[in-house]
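Participant: Could you look at this predicted model? Sequence included:
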Amino acid sequence: MPSMAANKFSRNTHQNQTKGDFVSRKQMIEQQRKNLPIAAVERRLVEEVRNNDTLIIVGETGSGKTTQLPQYLFKWGFCRDGGIIGITQPRRVAAITVAKRVAEECGIPLGQKVGYAIRFEDVTSGQTKIKYMTDGLLLREALLDPYLSKYSVIIVDEAHERTIHTDVLLGLLKNVQKARSKSINGVVNTDHNNSNNGHALEERIDNQNDGILKSCQVKKYNPLKLIIMSASLDARVFSEYFGGAKAVHVQGRQFPVDIFYTHKPETDCIDAALITIFQIHLEEGPGDVLVFLTGQEEIESVERLIHERLRQLPECSRKLLTFPIFSSLPSEKQMRVFMPSPAGHRKVILATNIAETSVTIPGIRYVVDPGLVKARTYDPKMGVDSLIIVTTSKAQALQRRSRANFLNFYSGRAGRDGPGKCYRLYQESFFEKLTDSTLPEIKRCDLSNVVLQLKALGIDDVINFDFIEKPDRTAVVNSLWSLYLLGAVTEDNKLSDVGRQMARLPLDPVYSKALIVASQFGCLKEMLICVAMLSVESIFYAPREKLEESRNALKSFASLEGDHLTLLNVYRAADEFFQKNKMVHSEEKAEKNLRKWCKDNYINSRSLKHARDIHSQIVRNVEQMGLRITSCEDDTLLLRRCLAASFFLKAAMKQPDGAYRVTLSGLIVQIHPSSVLFRAKPECIVFNELVHTNHSYVRNVSRIDYLWLVELAPNLYAVQD
DNA sequence: GAGCACTGC
């Protein structure tokens, strides 16, 4: 009996136990590594990397490419000249968990040879040779070290996801690679076809610091090896982008999943999902169910309907438990999906696409996929974000199917308990019509930050930048225009000194500018808090069943002057509570009490923590920039004038019918119901977010005086007749 | 009267 053996074992001395565990664990890891599909092609892969400056690796999930390839490259000498192997991930959790696993495989503590770096957390050291990080972080590093000189190999993982960071990074790396190989050959590129950006990088280094270029000519950077890893159905896009780079395929290993389609099109997705859930529950063998829904509202109504129908079933068939999960759900409630179901019970997890990649839930055998997703789109002309429900791509459908990882969890062996099952609530012919992959993010979001970053990297001609896929031209032009209005670029489209300062801050350009404006107004202390709070997801948490309580809690922080001052009040109250606690308790205990305080006040503690982290980071940033952090104390009028001076691009005037007209675009909008000004309806407002859902809503709103706009942004505003 | 998912020296 395994459990008895374990008991006996634990009675051994501590030393023996550790040693015994260590040896067996080590052997187990060795065995697992050898069994990975990628292990069979180690030598070949290393040869391909040696022979190709850029290599595309297409590996299905379960191939082991993310954990193994960096170790192979290290073993075969790709760090010999002191270079580092950098591996980028689109998500923080992935960077952390993979780094931990690789350190364990190497049998060394994390942060030595193997480490990771993400925002707010750097677990690397001088010895680190294999560094996992987020792609956004590598972009930031490039601002300080345009040649990315410490890396000998950069691996861009999950490139098929085509996040905005990945796309910008690919363009940048292409330039860096070109510039570094030129530094060796000492040859000026005469290839006019594509020389624009490579030159830009050199010119920038020329202009900025002769020392760097000289040292680079002397030092002669090693060529940069680039590896693009993708699980894409189609490697051609990457290969063509990198001048016909070689692509190799690595086999994956997935647990078998049977796919079922409907016979006819479904008109009511919620109803179809419910029927499927109960069909699985009543007719199928053990295993939990994962249902993909579009948002919180849909999740909550499906949950209600499941409970209603359960009550109509006989007692013995009611052993079904529901667990919602979506991003704004507080962490402790999110965690519930990981609890094993009580004996004899089946779990149904109702999830948004958070469960597609970000959260891996063990024990799922059945996936229900209605084929829909709520996605963000952006209208560059109006500056409006929209959340619309669209069909998934084929790649998304495959990803959802792969979440049926039941066997992985219970036995680690395929085949023993039969395959997983994926129920697609549409017809097979419908699947064939889906697009291969999701529209890259760069085609559907505001680009002012991307444009600012590229300019800070010395790429002035952003419109002609060699993107893997060009963003909408008007989106780039409009970003340039708003950066010009913010004073970040000059009339001849060059980065200004203010723009260079703004680019150093890890914030939306409008918020970076607000800090600079606030330092002139003497309210930087307050603006640092506002901007940190505006940079995170919703601070307030209002569960449907406790709407009244949460509304009362909000009242104690609410300011009649607007959401910005309300957010400031929340931050100050939380900070005061925390500081008082720290005087009598340990830091850890104080943090725990703060989480409790958040819960009592219907505040999302994860969001608040994030805001506090951002706050301390940008405080350091502005100090380095030499800005003085002065406070306006209780002069909220001054602070609101500063908000007007900072957010003048997003102002709106009340109309006779109570709606608002956005001053620059003419768009008619409503104040979002979550705003403290929802009922007050002041004459003139500034706001930070414009999202179209059922209506066009503005969020994070403050009351201002129209005359302030005339005074503080005279180029755009005149006295009204 | 309402909130897809990520990310930043």
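Facilitator: Noted; the coordinates are in hand. Numbers count the residues shown, from 1 in each chain, chains lettered A, B, ... in the order given.

Participant: got the contact list for A:I38?
Facilitator: With contact set as Cβ atoms under 8 Å, 6 or more residues apart in numbering, A:I38 has these partners: A:L45, A:G59, A:S63, A:G64, A:K65, A:Q68, A:L69, A:V250. For every residue, glycine as well, the C-beta is placed using N, CA and C.

Participant: outside of the helix or strand encompassing the first one, which residues touch it?
Facilitator: In this structure, A:L45 sits in helix A:42-51 according to DSSP states H and E. Defining contact as Cβ under 8 Å, 6+ apart, one finds that helix A:42-51 is touched by A:38, A:55, A:57, A:68-69, A:72-73, A:76, A:78, A:153, A:225, A:227, A:246, A:248, A:250.

Participant: what comes up buried for it?
Facilitator: Buried residues in helix A:42-51, counted by 16 or more other Cβ atoms under 10 Å: A:E42, A:L45, A:V46, A:E48, A:V49.

Participant: Quick check: mean pLDDT of that helix?
Facilitator: On average, the pLDDT along helix A:42-51 is 96.

Participant: Distance check, A:L110 against DNA strand B.
Facilitator: 17 Å (Cβ to the nearest atom of the strand, to the nearest Å).

Participant: Pull the number of nearby residues for that residue.
Facilitator: 19 (other Cβ atoms under 10 Å).

Participant: before we move on, what about A:D461?
Facilitator: Burial of A:D461 is recorded as 12 neighbouring residues (other Cβ under 10 Å).

Participant: show me where the stretch 201-350 of chain A has strands.
Facilitator: Here the stretch 201-350 of chain A has its strands, by DSSP state E, counting those that start in this stretch, at A:225-230, A:246-250, A:257-261, A:288-292, A:320-325, A:346-351.

Participant: Output these in a markdown table; the columns should cover distance to DNA strand B.
Facilitator: Output for those, formatted as a markdown table (distance: least, Cβ to the nearest atom of the strand, whole Å):
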| stretch | distance to DNA strand B |
| --- | --- |
| strand A:225-230 | 17 |
| strand A:246-250 | 25 |
| strand A:257-261 | 22 |
| strand A:288-292 | 11 |
| strand A:320-325 | 8 |
| strand A:346-351 | 8 |
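
Participant: For these, give me CSV that also has mean pLDDT and mean neighbour count.
Facilitator: Below are the strands of the stretch 201-350 of chain A laid out as CSV (pLDDT from 0 to 100; neighbours: other Cβ atoms under 10 Å):
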stretch, mean pLDDT, mean neighbour count
strand A:225-230, 94, 24
strand A:246-250, 93, 17
strand A:257-261, 93, 15
strand A:288-292, 94, 26
strand A:320-325, 93, 20
strand A:346-351, 94, 23
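
Participant: How far off centre is stretch A:35-54?
Facilitator: 30 Å (Cα atoms, centre = their mean, to the nearest Å).

Participant: Keeping just the C-alphas, turn it into PDB.
Facilitator: Output of stretch A:35-54 as PDB, limited to C-alpha atoms (Å, rounded to 0.1, in the frame of the first residue of the first chain):
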ATOM      1  CA  ASN A  35      10.500  10.900 -21.800                       C
ATOM      2  CA  LEU A  36       9.700  14.300 -23.200                       C
ATOM      3  CA  PRO A  37       9.200  14.300 -27.000                       C
ATOM      4  CA  ILE A  38      11.800  17.000 -27.400                       C
ATOM      5  CA  ALA A  39      14.500  14.900 -25.700                       C
ATOM      6  CA  ALA A  40      14.800  12.600 -28.700                       C
ATOM      7  CA  VAL A  41      15.800  15.600 -30.900                       C
ATOM      8  CA  GLU A  42      18.200  17.400 -28.500                       C
ATOM      9  CA  ARG A  43      21.300  17.100 -30.700                       C
ATOM     10  CA  ARG A  44      19.500  18.000 -33.900                       C
ATOM     11  CA  LEU A  45      17.900  21.100 -32.300                       C
ATOM     12  CA  VAL A  46      21.200  22.300 -30.900                       C
ATOM     13  CA  GLU A  47      22.800  21.800 -34.400                       C
ATOM     14  CA  GLU A  48      20.000  23.800 -36.000                       C
ATOM     15  CA  VAL A  49      20.500  26.700 -33.500                       C
ATOM     16  CA  ARG A  50      24.200  26.600 -34.200                       C
ATOM     17  CA  ASN A  51      23.600  26.700 -38.000                       C
ATOM     18  CA  ASN A  52      20.800  29.300 -38.000                       C
ATOM     19  CA  ASP A  53      20.800  32.800 -36.500                       C
ATOM     20  CA  THR A  54      17.100  32.700 -36.400                       C
END
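
Participant: Single out the residue in the stretch 501-650 of chain A that lies closest to DNA strand B.
Facilitator: A:P506 (2.9 Å; Cβ to the nearest atom of the strand).

Participant: can you pull the contacts of that residue?
Facilitator: So A:P506 contacts A:R119, A:R140, A:I614, A:Q617, A:I618, A:N621 (Cβ under 8 Å, 6+ apart).

Participant: Up against DNA strand B, what does the stretch 551-700 of chain A have?
Facilitator: A:Q617, A:H672, A:P673, A:S674, A:F678, A:V691, A:T693, A:N694, A:H695, A:Y697 (Cβ under 7 Å from any atom of the strand).

Participant: from what I can see the first one touches A:R504, true?
Facilitator: It stands for A:Q617. No - A:Q617 is beyond contact range of A:R504, at 11.5 Å (criterion: Cβ atoms under 8 Å).

Participant: re earlier: just the ones of the contacts of A:I38 in strands?
Facilitator: A:G59, A:V250 (DSSP state E).

Participant: Look up which helix or strand A:V531 falls in, please.
Facilitator: With DSSP H and E as criterion, A:V531 is part of helix A:524-534.

Participant: If you count contacts, what does that helix end up packed against?
Facilitator: Applying 3 or more Cβ pairs under 8 Å, 6 or more residues apart in numbering; DSSP states H and E, we find helix A:524-534 packed against helix A:509-521, helix A:563-584, helix A:605-624, helix A:636-646.

Participant: what does that helix rub up against?
Facilitator: By Cβ under 8 Å, 6+ apart, the surrounding residues in contact with helix A:524-534 are A:507, A:511, A:514-515, A:517-518, A:539, A:564, A:567-568, A:570-572, A:611-612, A:614-615, A:618-619, A:622, A:627-632, A:639, A:642-643, A:646, A:688, A:700.

Participant: can you tell me if that helix touches DNA strand B.
Facilitator: No - judged by Cβ under 7 Å from any atom of the strand, helix A:524-534 stays clear of DNA strand B, getting no closer than 10.2 Å.

Participant: if we can go back for a sec, which pair in the contacts of helix A:42-51 has the greatest spatial separation?
Facilitator: Taking Cβ to Cβ as the measure, the contacts of helix A:42-51 span a maximum distance of 19.2 Å, between A:Q68 and A:K246.

Participant: low-confidence ranges in the stretch 101-250 of chain A?
Facilitator: By pLDDT under 70, the low-scoring segments of the stretch 101-250 of chain A are A:185-219.

Participant: Show me what from it comes close to DNA strand B.
Facilitator: So far as Cβ under 7 Å from any atom of the strand goes, the stretch 101-250 of chain A lies against DNA strand B at A:118-120, A:122, A:134, A:136-137, A:140-141, A:143-144, A:163, A:165.

Participant: Narrow these to those that are buried.
Facilitator: Buried subset of these (neighbour count, 16+ other Cβ under 10 Å): A:I118, A:R119, A:T134, A:G136, A:L137, A:R140, A:E141, A:T163, A:H165.

Participant: That'll do, ta.
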